[in-house]
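*Asks:* Please find the sequence and the predicted model below.
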Amino acid sequence: MSAAPGVFVTGTDTGCGKTRVGCALARRAREAGRTVRILKPVETGCEAGPDGELQPADARALAAAAADDSPLDRLCPYRLPLAAAPEVAASEAGVSIRPERIAAAFARAREQADWVLVEGAGGLLVPIAPGLDMAELASGLGLPLVVVARASLGTINHTLLTLDAARARGLRVAGVAVSHTTPDLDPAGRRNLELLIENLPVPFLGELAHGAESFSATPGQVGLSAALGLDGLDRPGRGAD
């Protein structure tokens, strides 16, 4: 069996809706009949549960959407209390983030699934450890990017800068998904967003409305399943869809 395909979800900045988009993508993959596994390599800002163990809320949400019941150490190898860039949070906690531990968790996820979703922390150039950022991690895992853009003023610059950074590092981008992090978008923000969508140099995957669990049909949207590698995949023990 060949290695399972999937995507690496990154964003234009922190709080732009990566986890909500990731959950929507995981559900979409399940609807396409895939066995989905998720990986959140590093989550910061984790709070201690009743047993004192740090709980990664984003990783838990992704796992629920994917119906992934893997052990916590496989879902999220590094869980850190300080809500900061992973390198900063790890230093504060006295933890050394080792890429090989992340790679091992990813390999286990691929063995158990036919589609894998990895969600980064913050944006593409956020540092994970000395000499390692999210872009380098995505490159090492060999997955195409889904870039999550926030529906707000400033999204044109933030999104195009992220795409430029991805291109400069030789990363393939499956497409851009727009996340609405507030209930309403004013006319100026809507016009800006429409201009971005019209001029994207990569596929537009659709918009996730505030509070929604699935993408809405939007003018200019490409085939979401095809862009994510969900069409025509051979599943273990089955023929192609």
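*Replies:* Thanks, I have the structure now. Residues are numbered from 1 along each chain as shown.

*Asks:* Sketch out the low-pLDDT regions of the chain for me.
*Replies:* 1-4, 217-222, 232-241 (pLDDT under 70).

*Asks:* For it, just list every one of the helices.
*Replies:* 18-31, 57-66, 72-75, 86-93, 99-112, 134-141, 155-168, 187-199, 224-227 (DSSP state H).

*Asks:* Give me whichever of those helices is most buried.
*Replies:* When you average the neighbours per residue for each of these (mean count of other C-beta atoms under 10 Å), helix 18-31 leads with a mean of 23. In this view, the C-beta of every residue, glycine as well, is placed from N, C-alpha and C.

*Asks:* looking just at contacts, which helices and strands does that one meet?
*Replies:* strand 6-11, strand 36-39, helix 57-66, strand 115-123, strand 145-150, strand 173-179, strand 204-208 (3 or more C-beta pairs under 8 Å, 6 or more residues apart in numbering; DSSP states H and E).

*Asks:* So what touches it?
*Replies:* 7, 9-11, 36, 38, 58, 61-62, 64-67, 115, 117, 119-120, 146, 148, 177, 179, 208, 212-215, 224-225, 228, 230 (C-beta atoms under 8 Å, 6 or more residues apart in numbering).

*Asks:* Is it possible to mark the buried ones in those residues?
*Replies:* Among these, those classed as buried by 16 or more other C-beta atoms under 10 Å are 7, 9-11, 36, 38, 58, 61-62, 65-66, 115, 117, 119-120, 146, 148, 177, 179, 208, 215, 224-225, 228, 230.

*Asks:* can you list the helices and strands packed on helix 18-31 in TSV and add distance to Val88?
*Replies:* Below are the helices and strands packed on helix 18-31 laid out as TSV (distance: least, C-beta to C-beta, whole Å):
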stretch	distance to Val88
strand 6-11	18
strand 36-39	21
helix 57-66	18
strand 115-123	11
strand 145-150	22
strand 173-179	24
strand 204-208	29
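
*Asks:* Please name whichever of these is nearest to Ala165.
*Replies:* Set against Ala165 and scored by C-beta to C-beta, those come closest in strand 115-123, at 8.5 Å.
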